[in-house]
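Peer 1: requesting a structural model of the entry that follows:
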Amino acid sequence: MVKKGRQIVVPGEVVATGNEFLPGDGAYRDGQDVVAGRYGILDIQEKQVRVVPISGAYYPRRGNTIIGTIVDITFNGWLIDFGGAQNAFLPVAEVPRYINRNELREFLDFGETVVVKVWDVKARGIDVSMKMRGFGKIEGGMIIPVNSNKVPRIIGKEGSMIKLIQGATGCEITVGQNGKVWISGKDGDSEIATKKIIEFIAENIVISGLTEKVEKMIKEMGFKTSGIEIIAENTDEGSEE
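Peer 2: Residues are numbered from 1 along each chain as shown. Sure thing, here's the model as predicted:
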């Protein structure tokens with residue numbers, strides 16, 4: 001027995017039966033059964049069963065991309081508020097060029113927003129880096145908040161949903177696992193359209209046929225989706241990493 005994915009399940013509900021199914025995040029084994037350990041959306045991928053929470057706090061993981069704001073500057077780096085229980089720390093050594101310790105504020109100042117990658121999660125805090133390509137200070141565009149638990153659905157399987165939106169609107173989109181989305185386009189109209197599409201996805205993550213509905217919405221806005229690969233609905237789930 002196995003329930004269909006994308007259903008809302010509650011704690012204690014049997015969602016699959018058989019040793020071939022492996023419990024993942026939000027699920028546990030009880031004899032032959034795999035049981036939901038929390039309230040959320042059932043997701044079954046290659047016999048692994050997990051329950052994705054619909055709401056809740058963001059807990060950073062190594063490798064996550066996060067978007068945050070500079071809130072303090074120390075003698076050897078910057079503190080970043082990303083909405084977590086603790087601020088993240090960006091050391092001087094983790095920026096892409098040499099910075100004199102007396103010039104930290106000239107490189108990144110209070111209130112500026114950055115895209116960084118989590119490279120270590122410790123009890124005392126989170127260490128991040130922006131050495132890699134695609135990470136750094138955000139300039140222009142707009143940032144919209146979404147529930148961090150809806151991020152995988154917004155990204156899509158292997159980035160399929162984001163690629164669909166970017167290909168149609170021409171906007172660059174960076175999604176932080178902490179629930180911040182940066183949209184940068186050639187004009188305000190394309191950015192606003194992209195914002196509406198992302199908000200639609202976030203508000204409708206549990207409906208079936210979401211990818212097709214998003215494609216329809218994009219066409220109704222006057223954008224083209226021809227030549228853009230669209231991954232089937234039953235695999236349209238992004239990684240939480």
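
Peer 1: quick one: buried residues of stretch 64-72?
Peer 2: For stretch 64-72, the neighbour count (16 or more other CB atoms under 10 Å) marks N64, T65, I66, I67, G68, T69, I70 as buried. No exception for glycine: its C-beta is placed from N, CA and C like everyone else's.

Peer 1: ignore what I typed, I meant stretch 38-56.
Peer 2: R38, Y39, G40, I41, L42, D43, I44, V49, R50, V51, V52, P53.

Peer 1: pull the most distant pair out of these.
Peer 2: Y39 and I44 (17.0 Å; CB to CB).

Peer 1: can you list which of the buried residues of stretch 38-56 are found in strands?
Peer 2: Among those, the residues falling in strands (DSSP state E) are G40, I41, L42, D43, I44, V49, R50, V51, V52, P53.

Peer 1: quick check: bridge partners of the fifth one?
Peer 2: Assessed by DSSP bridges, I44 has beta-bridge partners V49.

Peer 1: just list the residues touching it, thanks.
Peer 2: V2, G5, V15, A16, F21, R50 (CB atoms under 8 Å, 6 or more residues apart in numbering).

Peer 1: for N234, report the pLDDT, please.
Peer 2: N234 is assigned 40 on the pLDDT scale.

Peer 1: scratch that, A85 is what I was asking about
Peer 2: On the pLDDT scale, A85 gets 80.

Peer 1: excluding its backbone neighbours, what's nearest it?
Peer 2: Leaving out its chain neighbours, the residue that sits closest to A85 by CB to CB, 6 or more residues apart in numbering is A57, at 7.7 Å.

Peer 1: so the one you found versus K224, what's the distance?
Peer 2: 39 Å (CB to CB, to the nearest Å).

Peer 1: try L104
Peer 2: 45 Å.

Peer 1: just to revisit the earlier point, which of the contacts of I44 has the most neighbours?
Peer 2: V15 (25 neighbours; other CB atoms under 10 Å).

Peer 1: what sits against the residue nearest to that residue when sequence neighbours are not counted?
Peer 2: Counting by CB to CB, 6+ apart, K3 is the residue found nearest to V15 once chain neighbours are left out, at 4.9 Å. Counting by CB under 8 Å, 6+ apart, K3 touches V9, V15, A16, L42.

Peer 1: kindly recompute the last result at 10 Å.
Peer 2: V9, E13, V14, V15, A16, T17, V34, A36, L42, I44, V49 (CB atoms under 10 Å, 6 or more residues apart in numbering).

Peer 1: just the ones of these in strands?
Peer 2: V9, V14, V15, A16, T17, V34, A36, L42, I44, V49.

Peer 1: dump those residues into a markdown table; add distance to E220 as well.
Peer 2: Shown next, in a markdown table, are those (distance: CB to CB, whole Å):
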| residue | distance to E220 |
| --- | --- |
| V9 | 33 |
| V14 | 41 |
| V15 | 36 |
| A16 | 38 |
| T17 | 42 |
| V34 | 40 |
| A36 | 36 |
| L42 | 30 |
| I44 | 32 |
| V49 | 36 |
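
Peer 1: any chance of these in CSV, plus pLDDT?
Peer 2: Shown next, in CSV, are the ones in strands among the contacts of K3 (pLDDT from 0 to 100):
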residue, pLDDT
V9, 85
V14, 92
V15, 91
A16, 91
T17, 91
V34, 92
A36, 90
L42, 86
I44, 84
V49, 90
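
Peer 1: can I see the domain layout of the chain?
Peer 2: Residue ranges for the domains of the chain, per automatic domain parsing: 8-53, 65-137, 142-235.
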